[in-house]
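**Student:** One predicted model, sequence on top.
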Amino acid sequence: DHRDLHSFPTRRSSDLKKLLTASVVASMGFAPLMASAEDETALPLYATDREPGYVQPTADGSKPNPVFYGSPAKAGRWDNGKPTESEKLPEGVTEDQVMKAGTVINAANFDKVKDMYFEGKRVGDMITEKVEWMIREKNLAMNIRHSEFIEMDEKYMQATQDGKGKVKFDPETRAVSGWEAGMFFDPQEISMDDPHAGDKLIWNLRSPTYGATMDLRHISWVFLDGEDGMERIQRWWARRYYMEGRLDGGPMVEGDGDIMQKTVLVAIYPQDIKGIGIFSVRYNDPTAETPDDVWAYLKSVRRARRLSGNSWMDPIGGTVQLYDDWDIWDAVPTKYKDVKLVDRRYVFAIAHAPLMTVDLRFRNTIQEFPAVGMDIPPHYFPAPQVQWEPREVWVIEGTPPDVHPYSKKVVYMEVDYPRPYLGEAYDRNGEFWKGFIFQNRLDVGDDGYKALMPVVGHIIDFKADFATNWSSNMKANPAGVEETDVTLQTLIALAR
């Protein structure tokens, strides 16, 4: 479909006016800043020499480190595709009951395959209640592949081990202290019996898993109606710079330790929002009492003005995504009334997204976003070539404060390191409202840093049958970026 985006309806054009809010910024962990919008065309297109469904292998036959990944490791096949110990079929189950890789699970065959087995687990047990509903009622189809081990950067995993004995958790305040880098808590030592396990795992999610600096290249938000398809697109450039937990060969902490991270975000398309920008500072306050500082650049007066930073519960501009929905769960656990670990299980998830998630050769057509099935109703689910695989996850449930739009949030996060795959949000009446499906893939930074990173986020408002999906070619630790490249002055210079 080569229809230009301008041919689609723009029923929500008024929402563009909302983009200049404090929530726009802090929301997304954003990415690279260029001197001008036109510079984006100078960047090399990503993986255009591959088929749209090409997936980069992540296991080379090396046995996972048992200190980092447990023994036996359960985070996917690692020995040239050979089954792992965790894939043994239950007693009484025969090979005739095994589902083949390449099967596409959909509404037509769900009842047939749900009682079959894949990698030793019952298929239906690896599909959450809400995902089953999406399959049966909303036309979600899941292309199944075998799991594959994904190794996080050794520096990150070793820093977690080095921090043992230093990191302290206060059960009264739920705050932490003594953390330097890596995860706050070793997930191999977290137990379902620990009443504070949920808090600890969300603290892990808030550590810099992406590296010292994060770029989301070619990031775009696409507005998708469940009946009519694509409505419009917004393009941004951004960069996030972590001030602590840095593992790029320099100091782990920059500055005096008061700042957790800094973000600059600038709009480059369409024309009516081009130049709008925001700079935010998130402070290192485990109690979450110190709000973010946020400055917005106003095109009308060509000045930056300071905004309220206490807007983490607000929508991101005209999207259906909240600031708190970035990475499915963005807030530190102490912003929530309660965080509980409710399960440890396997789910089908997208851990090996295709290398091609944004293709600028097809700019302003649905082919620009090959990882999203925009030509298949309801237009907002992963594309057919995107593959799902069994991943062992923690299931974490949070109760937001009473003023939050949600009454409950649920996240399904990789067991061995904090990578969210799926999420659910419930309205104040306890009804299912939004679903989150994040596509992830391994990235290697310019300095060799390895991280499993989200590259496509499906944020779906099922009440409105409307989604605002973002797609990006994310990059960890781009070369040459310094702390002085992510400042208020940077925002002003780029926005003008």
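**Tutor:** Arrived safely, thanks for sending.
**Student:** Going by C-alpha atoms from here, please, whenever you check contacts or count neighbours.
**Tutor:** Noted.
**Student:** which residues sit in contact with the residue lying closest to residue 269 once chain neighbours are set aside?
**Tutor:** Distances taken as Cα to Cα, 6 or more residues apart in numbering place residue 235 nearest to residue 269, at 5.0 Å, with adjacent residues excluded. The neighbourhood of residue 235, defined by Cα atoms under 8 Å, 6 or more residues apart in numbering, consists of 218-221, 267-270.
**Student:** which of those residues lies closest to residue 52?
**Tutor:** Nearest to residue 52 out of these is residue 218 (Cα to Cα; 16.6 Å).
**Student:** so how far is residue 288 from the nearest residue to residue 61 once chain neighbours are set aside?
**Tutor:** Nearest residue to residue 61, sequence neighbours excluded (Cα to Cα, 6+ apart): residue 79, at 4.3 Å. Remark: distance between residue 79 and residue 288 (Cα to Cα, to the nearest Å) = 43 Å.
**Student:** where does the residue nearest to residue 61 land on pLDDT?
**Tutor:** pLDDT recorded at residue 79 is 94.
**Student:** same deal with residue 101?
**Tutor:** pLDDT, residue 101: 97.
**Student:** and the nearest residue to it once chain neighbours are set aside, how far is that from residue 427?
**Tutor:** In space, and not counting its chain neighbours, residue 101 is closest to residue 145: 5.0 Å by Cα to Cα, 6+ apart. Separation of residue 145 from residue 427 (Cα to Cα): 34 Å.
**Student:** ok, now residue 380?
**Tutor:** According to Cα to Cα, residue 380 and residue 427 sit 21 Å apart.
**Student:** Check whether the residue nearest to residue 330 when sequence neighbours are not counted sits in a helix, strand or coil.
**Tutor:** Closest residue to residue 330 apart from its sequence neighbours, by Cα to Cα, 6+ apart: residue 324 at 4.7 Å. Look at residue 324: counting by DSSP: H, G, I helix; E, B strand; the rest coil, its state is helix.
**Student:** ok, residue 324 - contacts?
**Tutor:** 27, 312-314, 330-331.
**Student:** And for residue 187?
**Tutor:** Applying Cα under 8 Å, 6+ apart, the residues contacting residue 187 are 201, 415-417.
**Student:** and residue 130, which of the three is it?
**Tutor:** helix.
**Student:** between residue 380 and residue 427, which one's more packed in?
**Tutor:** residue 380 (27 against 15; other Cα atoms under 10 Å).
**Student:** wait, that one sits on residue 465?
**Tutor:** No - in this structure, residue 380 is not within contact of residue 465 by Cα atoms under 8 Å, at 9.5 Å.
**Student:** one step back: columns pLDDT and secondary structure on top of the contacts of residue 187, output as CSV?
**Tutor:** Listed next are the contacts of residue 187 as CSV, based on pLDDT from 0 to 100; DSSP: H, G, I helix; E, B strand; the rest coil:
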residue, pLDDT, secondary structure
201, 98, helix
415, 97, coil
416, 97, coil
417, 96, coil
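**Student:** Buried ones among these?
**Tutor:** 201, 415-417 (16 or more other Cα atoms under 10 Å).
**Student:** In strands, which of the contacts of residue 235 fall?
**Tutor:** 218-221, 267-269 (DSSP state E).
**Student:** What pLDDT does the model give the residue nearest in space to the middle of the chain?
**Tutor:** The geometric centre of the chain, computed from its C-alpha atoms, lies nearest to residue 327 (Cα atoms, centre = their mean), at 3.6 Å. Note for residue 327: predicted pLDDT of 91.
**Student:** check which helix or strand covers residue 215.
**Tutor:** Using DSSP states H and E, residue 215 sits within strand 213-225.
**Student:** So which elements touch that strand?
**Tutor:** strand 229-242, strand 466-476 (3 or more Cα pairs under 8 Å, 6 or more residues apart in numbering; DSSP states H and E).
**Student:** Let me know the closest of the contacts of residue 235 to residue 183.
**Tutor:** residue 219 (26.8 Å).
**Student:** burial count for the nearest residue to the closest one once chain neighbours are set aside?
**Tutor:** Ranked by Cα to Cα, 6+ apart and with sequence neighbours excluded, the top spatial neighbour of residue 219 is residue 472, at 4.3 Å. Other residues lying near residue 472 total 23 when counted by other Cα under 10 Å.
**Student:** wait, isn't residue 472 in contact with residue 455?
**Tutor:** Yes - using Cα under 8 Å, residue 472 is in contact with residue 455, at 5.1 Å.
**Student:** Overlap in contacts, those two.
**Tutor:** Counting by Cα under 8 Å, 6+ apart, the residues touching both residue 472 and residue 455 are 216, 357.
**Student:** which stretches of the stretch 251-400 of the chain form strands?
**Tutor:** For the stretch 251-400 of the chain, strands defined by DSSP state E, counting those that start in this stretch occupy the ranges 259-269, 277-283, 293-298, 303-307, 338-349, 387-399.
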